[in-house]
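Chemist: Need a 3D model of the sequence below.
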Amino acid sequence: MRYYKKWLLLLLLLPLTLNVIELNAQQNTLLERSSPEQVGLNRFVLQRADRVIEQAIEDRQIPGAVLAVVRHDKLAYIQAYGNKRTVPSVEPMVEETIFDLASLSKPLGAGIAIMQLLERGEILLQDRVQRYLPEWPEDSRITIRHLLTHTSGLPAYAPVQQVLNSDTTISPPARLYHYIANCEKGSEPGETMRYSCLNFITLQYIVEKVTGISLSEYTTENIYRPMGLQNTGFLPPQEKYAQIAPTEVQEDGEVLLGEVHDPLARRLNLGNSGNAGLFSTAEEVAAIATMLLNGGRFRGVQLLSPATVRAFTTIPRGYEEFGRTLGWDSYSAYSSNLGNLTSRLVYGHTGYTGTSICIDPQEDMAVVLLTNRVHPKDSTSTIRLNAIVTNIVSAAADSEERLQRFSRFYSERINEFAAEEPITSNDIVMYGNSLTEGGREWNRYFPKLKQRIVNRGIRGDSSYGLLYRSDEIITGQPNKLFIMIGINDIADGIPIEEVATNIRYLIEYIGRISPDTKIYLQSLLPVDESYNRYRGLTGRSEEVAKLNSLIKEMAAEQPNITYIELYDHFLDKKSNALRRDLTNDGLHLNKKGYKLWAKLLKPYI
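Modeler: So this is what the prediction gives:
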């Protein structure tokens, strides 16, 4: 329980650090920005996703990507990686890049549009398509529900060139309409699930027949504009082209830019298409996900009713075997992007160009990963990458129970830090738990030292805590940083290998952000279990020594890390425990203990 309370505090109190204050100062953004910790996400776990995506770029699976994570209505993580263009010139990826969403257009375009018509009383799910499209065979039993769940029996795609070469007296969109109405069906409606672009193009036809305007116009006027989305829509204007990530190089050597990659949508439906053609940014896709997580409401505008969102994202009764909701994937063969760690309520979708959205209502979280993997050529896959990133983000999520817990002493200590003079590049920082905190004014042990020694110890802190609150320290890029941590992790039953991993993450992070800071890893001190004051440490003295060995090995691998052996100097060789003349409780130090510690640090200070 004590371990969980510490997590809560770290998550709640990190906003006091300078970088989070700066984030909160941003105004007029589409989504409110927050640190990962403010919404219960472990930033160091999230950074594993950075490494995975960067590796995919290095392996040339993708030229670049943008990852966005929203939780509790806040954009908690957004990162751009690699390049948005590599041919004919190189342009870096930025967070504001607009992507061809490919099949994400299905749920985010025609899907939402159909659900709006449903709640307005314009259509029913059980209505047959022929009711709205009289050109369809009169005996067709395909319904709107069949189209939404991909159980209509329509073929997966259409032969583009064959359709183009058909009746040239009518427009390409009209030729496609005629083909879908009269094509041979692969199965009876409701018999099997066959993912088909033709299903959502047919839904497009129904939207356009009911509303009297194009799908592009309808979605802009009824979804994207009311939400305040500036970069989302079909048929992007040329003034947006500089912001768009190009896709595949065509046979004539030209790179597709601002035109949908999908041949059906581009060559036959001319960009206004139910299956593909929507363009957007990662943040704006995340905003749509936030709207759905909020029961259809976004920034005071009700786009869908809560009941409609529930129907939209839930598998209909009788369709459980197919694993698809009314527009989304849940657990069909196409659902790999949802990962292995999401809840049973999760739903999502992918797009052929390398786009993915995963929405988990139980965690109140969405993961958006947008890439243009088909640039400059269509030769890779992001199926595995999508799943791995979703797993990492899911693993970074903390529980509501932990978020709601609070501990007064931790809050008070953080507030004390905020009230002090900021850490500077001339300072020495003592960083750890109650042992460090107990040293109080560390400068008194070094009276001739002109540098300030800053005490950043917090009673009960753990390796996780040091990870979470490190920004407040390294923002000032201190001259030296002395770290002692791990005893509370051991008391809480955390495996020493995990503790060592956290310490490794910490020093790697410090090295990236403050490369000139000299880091000193101090060994843990022995404990004396005979006092019976700390039950969590009973029988775990050997783990202390083992963790010290791991820390020592870690320091030896890093040229800028110095290991300081303290353990042996505090050890009573006869009892194999903390010397009794240095402690009053078997764990913490008395005045004599601190004087010995300071003496051992003097050569390094």
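
Chemist: Excluding sequence neighbours, find me the nearest residue to Thr211.
Modeler: Tyr218 (5.2 Å; Cβ to Cβ, 6 or more residues apart in numbering). Backbone N, C-alpha and C define where each C-beta goes, glycine included.

Chemist: Validate this expectation: the one you found resides in a helix.
Modeler: Yes - under DSSP: H, G, I helix; E, B strand; the rest coil, Tyr218 sits within a helix.

Chemist: and the next element down the chain from the helix-or-strand element of the chain with minimal mean pLDDT?
Modeler: Lowest by mean pLDDT, DSSP states H and E among the helices and strands of the chain is helix 18-24, with a mean of 35. Downstream of helix 18-24, the next assigned helix or strand under DSSP states H and E is strand 32-33.

Chemist: So for that next one, mean pLDDT?
Modeler: The average pLDDT for strand 32-33 rounds to 94.

Chemist: What are the structural domain limits within this structure?
Modeler: 99-397, 420-601 (automatic domain parsing).

Chemist: Now find how far off-centre the longest one is within its chain.
Modeler: Centre-to-centre, domain 99-397 and its host chain are 22 Å apart (Cα atoms, centre = their mean, to the nearest Å).

Chemist: as a whole number, average confidence for it?
Modeler: 97.

Chemist: for stretch 554-566, same thing?
Modeler: Here the average pLDDT along stretch 554-566 is 94.

Chemist: C-alpha coordinates for it, CSV please?
Modeler: This file holds the C-alpha atoms of stretch 554-566, laid out as CSV (Å, rounded to 0.1, in the frame of the first residue of the first chain):
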residue,chain,number,x,y,z
MET,A,554,26.1,-0.1,-14.2
ALA,A,555,28.5,2.7,-13.2
ALA,A,556,31.5,0.8,-14.6
GLU,A,557,29.8,0.7,-18.0
GLN,A,558,29.3,4.5,-18.1
PRO,A,559,32.4,6.8,-18.5
ASN,A,560,30.6,9.8,-16.8
ILE,A,561,29.4,7.8,-13.8
THR,A,562,31.4,7.3,-10.6
TYR,A,563,30.4,4.6,-8.1
ILE,A,564,31.0,5.4,-4.4
GLU,A,565,31.3,2.4,-2.1
LEU,A,566,29.7,3.3,1.3
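
Chemist: Quick check: buried residues in that stretch?
Modeler: 554-555, 561, 563-564, 566 (16 or more other Cβ atoms under 10 Å).

Chemist: Among those, which are located in strands?
Modeler: The strands, defined by DSSP state E, take in 561, 563-564 from the buried residues of stretch 554-566.

Chemist: Tell me which helix or strand the closest residue in space to Thr424 that isn't next to it in sequence sits in.
Modeler: Excluding the flanking residues, the one nearest Thr424 by Cβ to Cβ, 6+ apart is Gly476, at 5.2 Å. Here Gly476, judged by DSSP H and E, is contained in no helix and no strand.

Chemist: Number of residues surrounding Gly476?
Modeler: When neighbours are counted by other Cβ atoms under 10 Å, Gly476 registers 19.

Chemist: can you offset everything so residue one is 25?
Modeler: Sure, I'll start counting at 25 from here, so that last one is Gly500.

Chemist: Now it: phi and psi?
Modeler: Per-residue torsions, Gly500: phi -80, psi -10 (degrees, to the nearest 10).

Chemist: Please apply the same query to Ile452.
Modeler: The phi/psi pair for Ile452 (degrees, to the nearest 10) is phi -110, psi 130.

Chemist: Please apply the same query to Leu141.
Modeler: Torsion angles, degrees, to the nearest 10, at Leu141: phi -60, psi -30.

Chemist: same thing with Leu149?
Modeler: phi -60, psi -30.

Chemist: Name all residues that make contact with the closest residue to it other than its chain neighbours.
Modeler: In space, and not counting its chain neighbours, Leu149 is closest to Arg169: 4.2 Å by Cβ to Cβ, 6+ apart. By Cβ atoms under 8 Å, 6 or more residues apart in numbering, the residues touching Arg169 are 149-150, 340, 350.

Chemist: got it, and Ser554?
Modeler: 599, 601, 610.
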